[in-house]
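>>> here are the coordinates; sequence isn't available:
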């Protein structure tokens, strides 16, 4: 896949997660600075953790500030647009789902390009896809999506595994990336639409 295309897909994924961060900030009635912080943390948080764990220097958004500019710009836009954009929880969930599906593949791809094994690359893809949203929810004092019983991180795992598995089978990078993205988005979208969830523990007697 062309490096410029990967770059702009990465920027687009950051923007979609920044939208979900902005919508969360609106629900918590934060000021415009709060919007910028939450949107930026949501957009680049997962990629930051990934690069730190892999020892990649400089971290992606430090090397290319366009990621932070996009996050701040989208967040500022959401400060004014959120009342017209938001119609409940579903828009937040779908914006988050799109970013999750894209980052599950893009994060895995970046890890492979920096020499990670297939297993570690899948883990890094999941971290890239989920940690920004987790940091967003923690900062906004709500239970992170990844900790709820609904299917969330599982979708990222499926996207990352699908991408790596298809590469190992000899498929081209573009086909494998598109299939991994589609698989992650389908699973997460089905969870949103049909209420799919993993079984929760019944608990133990105190």
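Sure, I can see it. Since the structure is predicted, the reported quantities are computational estimates derived from the model, not experimental observations. Numbering: from 1, shown residues only.

>>> Going along the chain, name the helices of this structure.
With helices called from DSSP state H, the chain shows them at 3-27, 32-54, 60-63, 66-85, 89-113, 118-139, 153-168, 173-194.

>>> Dump those helices into a markdown table; add mean pLDDT and distance to residue 146 as well.
All C-beta spots, glycine's among them, are computed from the backbone N, C-alpha and C. Output for the helices of the chain, formatted as a markdown table (pLDDT from 0 to 100; distance: least, CB to CB, whole Å):
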| stretch | mean pLDDT | distance to residue 146 |
| --- | --- | --- |
| helix 3-27 | 89 | 13 |
| helix 32-54 | 96 | 11 |
| helix 60-63 | 92 | 21 |
| helix 66-85 | 89 | 20 |
| helix 89-113 | 89 | 10 |
| helix 118-139 | 95 | 5 |
| helix 153-168 | 96 | 5 |
| helix 173-194 | 94 | 12 |
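
>>> Just list the residues touching residue 98, thanks.
Contacts for residue 98 (CB atoms under 8 Å, 6 or more residues apart in numbering) come out as 13, 16, 185.

>>> With residue 95 instead?
Listed by CB under 8 Å, 6+ apart, the contact partners of residue 95 are 16-17, 19-20, 23.

>>> Name the member of these with the most neighbours.
residue 17 (31 neighbours; other CB atoms under 10 Å).

>>> which residues sit in contact with that residue?
Taking CB under 8 Å, 6+ apart, we find residue 17 in contact with 42-43, 95-96, 99, 103, 132-133.

>>> so what's it closest to, chain neighbours aside?
Leaving out its chain neighbours, the residue that sits closest to residue 17 by CB to CB, 6 or more residues apart in numbering is residue 99, at 3.7 Å.
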